[in-house]
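> Coordinates only, no sequence provided:
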């Protein structure tokens, strides 16, 4: 980020940066939705910081649309693969990957809330750290059809993209240089993502 910012605009035109940046953002968020080890929230916030410092409303809209579309398509693909695994006698590695990241206590909570509140829980699950996969697995167990999952997942991805973009805008507005805002946005998103695991770790000894 800093190396790119020191290169004169005549060497790396803004249009070239955008032509590389948006497809890269789309691909990384898509991969992160399928393989939940990529910090997609931090990626969206970082891209929003750069767009904010360019003072380009179109760039902000493109970051939002790119992130939301990639997250939506990645979720749909993962849910479809999970449904195939549920129907298969031997399961699938995709289904096992979802189960591995959905602890029993979180899954039980997701199932209860899904029964009581339906699609609303799916919408909120993307805004809760580590909440997406337990709710997705609960939907698979409840045998939600793909069409119903799509209806709930669309507003979920829109809200997710908007939330992390606002985090990036906040980080960008606090610092003069883009790299400082990117660093602040990444730290904030990592802290948000790690909060549930840290809370469960701290509660463990107390509950025992």
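Nice, thanks for sending it over. Not measured: the values here are computed from a predicted model.

> Give the residue spans of this structure that score low on pLDDT.
Within the chain, the segments meeting pLDDT under 70 span 1-20, 55, 90-91, 174-208.

> Confirm for me that residue 135 is in contact with residue 114.
Yes - if you go by Cβ atoms under 8 Å, residue 135 and residue 114 touch, sitting 6.6 Å apart. In this view, the C-beta of every residue, glycine as well, is placed from N, C-alpha and C.

> In terms of neighbours, single out the busier of those two.
More crowded of residue 135 and residue 114, by other Cβ atoms under 10 Å: residue 135, with 26 against 22.

> and the more buried one, what are its phi and psi?
phi -70, psi -40 (degrees, to the nearest 10).

> Now do the contacts for it.
110, 113-114, 121-122, 125 (Cβ atoms under 8 Å, 6 or more residues apart in numbering).

> got a list of what the residue nearest to residue 164 when sequence neighbours are not counted touches?
The shortest distance from residue 164 to any residue other than its chain neighbours is 4.1 Å, reached at residue 44 (Cβ to Cβ, 6 or more residues apart in numbering). Counting by Cβ under 8 Å, 6+ apart, residue 44 touches 25, 29, 63, 67, 161, 164-165, 168.

> how does it look with 7 Å?
29, 63, 67, 161, 164-165, 168 (Cβ atoms under 7 Å, 6 or more residues apart in numbering).

> Run a quick neighbour tally on residue 149.
When neighbours are defined as other Cβ under 10 Å, residue 149 has 22 of them.

> was I right about it contacting residue 80?
No - Residue 149 is beyond contact range of residue 80, at 9.0 Å (criterion: Cβ atoms under 7 Å).

> okay, the contacts of residue 44 in CSV with distance to residue 99 and neighbour count next?
Formatted as CSV, these follow (distance: Cβ to Cβ, whole Å; neighbours: other Cβ atoms under 10 Å):
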residue, distance to residue 99, neighbour count
29, 23, 28
63, 32, 28
67, 26, 30
161, 26, 26
164, 26, 28
165, 31, 24
168, 32, 30
